[in-house]
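>>> Sequence and predicted model, in that order:
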Amino acid sequence: MNKPARILTIAGSDSGGGAGIQADIKTITMLGGHAMTAITAITAQNSRGVDAVQVLGADMVIAQIDAVARDFGLDAIKIGMLGSPEIAEALADWLAAQGGVPVVFDPVMIASSGAVLADAATIAAFRRLMACATLVTPNLPELEALGGEAAVLELAPALLIKGGHAGGETVTDRLLTREGEIARWEDPRIDSPHSHGTGCTLSSAIATLLGQGIPLEQAVERARTFVRLALRDAPAFVASNGPMGHQSVRNDALGPGWHLNQITLGATDYAASVTFYRALGLRQIVDSPDNYYARFEADNGATLSIHVGEDAGGAVAYLECADLDARVSALASEGFAFDQMPQDESWGWREARLSDPAGNVLCLYSGGENRRYPPWRIATD
């Protein structure tokens, strides 16, 4: 059994559970890592704002880090809210004496509620932390406070600029190194009032994936998908600024390995099949009677489709992986015969197909956000 990646998050506690240490633990766990913590500050907060902050002493923060590092070991570190320049300086000293472990630094300065979480002296101390980081992940206001792209890249080897604060219907995130921009992602903005903790979630997801050995660009891409799915699944406990739905991001092939998360079954009567699976308790998420196709979602995030007619081809099992092309190439080199090599399909998935020794059809694919949330997803209860 492969052991989970050991991820240390150094951040503040959010009593509402939407951001900070709590968001980090949920993210790391859902992505298959083992979460360890060093709490820098205790906050009394909810969706309406931060009522109080109690910053811990720098010695206590470093003691937490030392305790877990020397016993469990570390595969990656995420740094979030620090709370004081003393903590920032002490952490920079500790990191400078280490080495070899990916460090994702999310320079938290202002909570989504508007509360200031880093003073000028703490921001000044961020320079030393950026020099220790593998990746720095500021939003646009934070990037401006840090002096801009050039200032950050003087110190850190890589910078992810989060474009959520730019407004508009499209969110653009840019990944840069000292050689220039190496990746850019543009996605439709998810219109949700519950985005508390997006930055914490993104940075801890990237750290977890880096700790699992995934290359930086792929780690960022999968972490972004995790955030988008968590945004879509926000439980809406409050009117606005509520927590995201980390617990609902399941079976989505964001971590390493295969995910058996979709099956298509043949059908003879579209209406009867739809009625049956809805009565069974599955949520219908795609209704395409003209194509004789419907898709349903189970409570654990797995999906099941029915397809009427000759094109249905009986049952097809779907195994998803995030690195489809590389895996298919490796399998082909081992002698596996593919009926279809990876290709982009009109429904937003990338698929390859082969058969097992008994003739059962397998689809190896990458669907990402479009498996559970295709553009034509119907409203569900």
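Everything's here; your move. All of these numbers come straight from a predicted model, not from anything done at the bench. Numbers count the residues shown, from 1 in each chain.

>>> model confidence over stretch 88-95, on average?
Throughout stretch 88-95, pLDDT has a mean value of 96.

>>> Just the buried positions in the helix ranked longest in the chain, please.
Using DSSP state H, we find that the single longest helix of the chain is helix 216-232. Under the neighbour-count criterion of 16 or more other CB atoms under 10 Å, helix 216-232 has 216, 219-232 buried. For every residue, glycine as well, the C-beta is placed using N, CA and C.

>>> Stretch 231-248 too?
Leu231, Arg232, Asp233, Ala234, Val238, Asn241, Gly242, Pro243, Met244, Gly245, His246, Ser248.

>>> swap in stretch 182-198?
By neighbour count on 16+ other CB under 10 Å, the buried set for stretch 182-198 is Trp185, Ile190, Ser192, His194, Ser195, His196, Gly197, Thr198.

>>> which residues touch the last one?
The neighbourhood of Thr198, defined by CB atoms under 8 Å, 6 or more residues apart in numbering, consists of Ser112, Gly164, Val227, Leu231, Met244.

>>> from the residues you listed, which is closest to Lys3?
Comparing the contacts of Thr198 against Lys3 with CB to CB places Val227 closest, at 25.7 Å.

>>> for that closest one, what are its contacts?
Val227 makes contact with Thr198, Thr201, Leu202, Ala205, Met244, according to CB under 8 Å, 6+ apart.

>>> Specify the strand with the largest residue count in this protein.
Using DSSP state E, we find that the single longest strand of the chain is strand 34-46.

>>> Can you give the strand pairings for that one, parallel or anti for each?
Here strand 34-46 has these sheet partners by DSSP bridges: strand 6-14 (parallel), strand 49-55 (antiparallel).

>>> Give me the buried positions along stretch 138-147.
By neighbour count with 16+ other CB under 10 Å, stretch 138-147 contains the buried residues Pro138, Asn139, Glu142, Leu143, Ala145, Leu146.

>>> Could you pull up the mean pLDDT of it?
Mean predicted confidence for stretch 138-147 is 92.

>>> end-to-end on that stretch?
Stretch 138-147 has an end-to-end distance of 11 Å (CA to CA, to the nearest Å).

>>> now the strands: where do they sit in the stretch 1-150 of the chain?
For the stretch 1-150 of the chain, the strands defined by DSSP state E, counting those that start in this stretch occupy 6-14, 34-46, 49-55, 76-79, 103-105, 135-136.

>>> lowest-confidence stretch among those?
Among those, strand 49-55 carries the lowest mean pLDDT, a mean of 92.

>>> Measure how far that strand is from the centre of its chain, please.
Strand 49-55 sits 27 Å away from the centroid of its parent chain (CA atoms, centre = their mean, to the nearest Å).

>>> And it, what's buried?
Val50, Val53, Val55.

>>> which residues of the stretch 201-350 of the chain fall in helices?
216-232, 270-280, 324-333 (DSSP state H, counting those that start in this stretch).

>>> Show me what the mean pLDDT comes to for the shortest one.
So that's helix 324-333. Helix 324-333 comes out at a mean pLDDT of 97.

>>> could I have that helix exported to CSV, CA atoms only?
Only the C-alpha atoms of helix 324-333 are listed here, as CSV (Å, rounded to 0.1, in the frame of the first residue of the first chain):
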residue,chain,number,x,y,z
LEU,A,324,-4.5,9.9,-19.7
ASP,A,325,-2.1,10.3,-22.6
ALA,A,326,1.0,9.2,-20.7
ARG,A,327,-0.8,6.2,-19.2
VAL,A,328,-2.2,5.1,-22.5
SER,A,329,1.2,5.5,-24.2
ALA,A,330,2.8,3.3,-21.5
LEU,A,331,0.1,0.6,-21.8
ALA,A,332,0.4,0.6,-25.6
SER,A,333,4.2,0.1,-25.2
